[in-house]
Each structure stands twice: as C-alpha cells, then as structure tokens.
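>>> Show me the folded form of this:
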Amino acid sequence: MRSTAHIIKYTIISAFLVLLSTLLSLNLVNYVLAQDYFTPPATVVAKITALLLGIAYANALTVGAWGKWEHYVFFPGSIAAGVYLVLVNVNQTHAVNFAALTLCILLYQTIKATALKGLFVKFQPRFVYKSSTKGIFLVFSLLAASTILISPQAEAPIDLGQKIAETTVKQAINLTEADISLKTLLQDSIIGLNMQNQIRDQVNSLLQPYRSFLTPLIAVAVFSLVQALGVLVYLVFSITISAFLWIMRKSGILKVEYQTTQQEILSF
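Coordinates of the predicted model:
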C-alpha cells in the first residue's frame, strides 16, 4: 500500500515530466520546421539544453518509486504523452507511432536501470542514472530527426545552397569589421544579393546529383547534434547529481532507507 505522500510526490513529478516533455518536443519541432539546422539561434540551443537537463533531474527524482509498478507505467507514459501532444499537430499517424516507440525505449531503459540499481549496496547515481538518461536523450534525438522526414517541408527540396550562401555572406560581413569600405560594399543590398545568388547557384549545382539524399543526411546530422547536446547535458548532470540528491534528501522529498541483503557466492 502506497502512502499518501508517495502518491502525491509521484503525481507531481509525473505531471512535471509531461510539461517538460511537451516543452522540449515543441522546441525541437519548431527548430526543425524553421530549417535552420546548422546555425540555430543561441536561445534555441539554450532552451533545448535546459529542458534536457530538467528532464534528467526529474527522472532522478522518480528513483523513490523504482521497482514499483507505477514507475514502469507513468514514467514512460508521461514523456510519451508530452511527445504525442506536440507531434499530433504535425502528423497524427507519426504521433501515435512515435509515442509507442517512446514507451518501448523508456520501458526497456527503466527495467535496465532498476536492475543496475539493485547491484549496488550503496546507491551510485552516476552509474544508475546513465541508462535511463541515455534513453531519454535517444528519444528526443529521434524525435528531431524523424520530424525532418515526415514534416510537410520534407516533401519540398531543401534549398541548402541558399542557406549556405546567406551564412557565408553574413560571416564575410562579420570578418570585415576592420575594413569599413569592404564591409559597406558587402552590406550593399544589390552586391550582397548578387554574391548570395552566385554562391547559391554554385552550391546547388554541386549538390544536384545528391539532392535525393539531402533530407536523410540532414536528419542524421540533426540526430547527431541533439545527441551531442545530450552528452554535454549528461556531463553537467553527472557532476551535479550528488549535490542535487543531497538537497532533495535534506528537503524531505527523498529519504534514505536501509535493508538487509544476501550476497550469492559460489564456492567448493
């Protein structure tokens, strides 16, 4: 029988996971639909990073229910619900399929993390949380990559040449800060536009034989970018998790219990 405090705490954490999952999914989908894949605004990167870290910490709080049936249902279900609420506005079929995939991935990682937790006499957060946290990062990396493939924009060819041209001209303007006359020349609307058009045409000409592969390659690249963010987030998480759990114990949100265990030893 679960105590009232246990039910209240886990309900609040589950609701918080739904909120964080919805916000993170929304930011990733907006990032993908903007098609600014390789030069996203710093604010977008900061939001995605902060939300990934927030979900990692929320996952850490669920440890009070590990091994209990509700954790196997509500932890994967909370994140899957947030993912579904966002993807259903992009593609209903994909939303259902991806929510189911999210449930499977997180259920597997939850079972794996719970089993790993039981191997330690003293709780080791850096090792125990690694499995479930990797599962979370995998889900949202796949979300960003798959959205590229199923979004309406995927049906139209990506004008990568135009994006490269715009970025090149912007970088050229930034690099000519010391030369006022050259910077003014580049900022001239006609000259700048002509330069962009020339670069765009040359890049698109080079990419023309491989155009059918561009969308899948960009999806793989975006998957890798989100995974790289996940690595950085986990580095911060692994450094701070011990202090975070100490604060949670001192505040009464988590508590320490001890139990007697038997160790299996093989001998002659």
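>>> And the chain, what are its domain boundaries?
What automatic domain parsing lists as the domains of the chain is 4-156+211-250, 160-208.
>>> looking at the ones you listed, which has the lowest confidence?
Lowest mean pLDDT within these: domain 160-208, a mean of 55.
>>> for the domains of the chain, which one ends up most surrounded?
domain 4-156+211-250 (a mean of 17; mean count of other C-beta atoms under 10 Å). C-betas here are computed from N, CA, C, even on glycine.
>>> okay, how far is it across that domain, tip to tip?
Start-to-end span of domain 4-156+211-250 (C-alpha to C-alpha, to the nearest Å) is 20 Å.
>>> likewise stretch 54-71?
18 Å.
>>> Tabulate the domains of the chain (JSON lines), appending distance to Thr261.
Shown next, in JSON lines, are those (distance: least, C-beta to C-beta, whole Å):
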{"stretch": "domain 4-156+211-250", "distance to Thr261": "7"}
{"stretch": "domain 160-208", "distance to Thr261": "58"}
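>>> Out of the ones you listed, which gets nearest to Tyr258?
Between Tyr258 and those, the tightest spacing by C-beta to C-beta is seen for domain 4-156+211-250, at 10.1 Å.
>>> Can you pull the phi/psi pair for Thr260?
Dihedral angles of Thr260 (phi, psi; degrees, to the nearest 10) stand at phi -80, psi 130.
>>> per-residue confidence for it?
Looking at Thr260, its pLDDT stands at 74.
>>> Can you give me the distance of it to Val121?
To Val121, Thr260 is 11 Å away according to C-beta to C-beta, to the nearest Å.
>>> For the top helix by length along the chain, which helices and strands make contact with it?
Criterion DSSP state H: the longest helix present in the chain is helix 211-250. Contact here means 3 or more C-beta pairs under 8 Å, 6 or more residues apart in numbering; DSSP states H and E; on that basis helix 211-250 packs against helix 42-61, helix 125-150.
>>> between those helices, which one is nearest to Phe75?
Using C-beta to C-beta, these put helix 42-61 closest to Phe75, at 7.3 Å.
>>> which outside residues touch the following helix or strand past the closest one?
Next helix or strand after helix 42-61 toward the C-terminus (DSSP states H and E): helix 69-87. Residues outside helix 69-87 that contact it (C-beta atoms under 8 Å, 6 or more residues apart in numbering) are 2, 10, 14-15, 17-26, 29, 55, 59, 62, 65, 94-96, 98-100, 102-103, 105-107, 110-111, 114, 136, 139, 143, 147.
>>> Show me what the next helix or strand after helix 69-87 is packed up against.
Note on helix 69-87: by DSSP H and E, the next helix or strand toward the C-terminus is helix 92-117. Counting contacts by 3+ C-beta pairs under 8 Å, 6+ apart, helix 92-117 is packed against helix 69-87, helix 125-150.
>>> try it again with 10 Å
Contacts defined by 3 or more C-beta pairs under 10 Å, 6 or more residues apart in numbering; DSSP states H and E place helix 92-117 against helix 4-33, helix 42-61, helix 69-87, helix 125-150.
>>> Export those helices as CSV, with columns for distance to Leu235.
Converted to CSV, the helices and strands packed on helix 92-117 look like this (distance: least, C-beta to C-beta, whole Å):
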stretch, distance to Leu235
helix 4-33, 18
helix 42-61, 10
helix 69-87, 22
helix 125-150, 11
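>>> do you know which of those helices lies nearest Gly252?
Here helix 4-33 is closest among these (C-beta to C-beta), at 9.1 Å.
>>> what distance separates stretch 3-13 from the middle of the whole chain?
26 Å (C-alpha atoms, centre = their mean, to the nearest Å).
>>> residue contacts, Leu103?
With contact set as C-beta atoms under 10 Å, 6 or more residues apart in numbering, Leu103 has these partners: 73, 76-77, 79-81, 83, 139.
>>> ok, back up a step: so which of the helices and strands packed on helix 92-117 gets nearest Met248?
Comparing those by C-beta to C-beta, helix 42-61 comes nearest, at 6.7 Å.
>>> which helices and strands does the closest one pack with?
So helix 42-61, by 3+ C-beta pairs under 10 Å, 6+ apart, packs with helix 4-33, helix 69-87, helix 92-117, helix 125-150, helix 211-250.
>>> any idea of the angle it forms with helix 4-33?
Put simply, helix 42-61 runs at 150 degrees to helix 4-33, going by axes from the mean of the first three to the mean of the last three C-alpha atoms, to 10 degrees.
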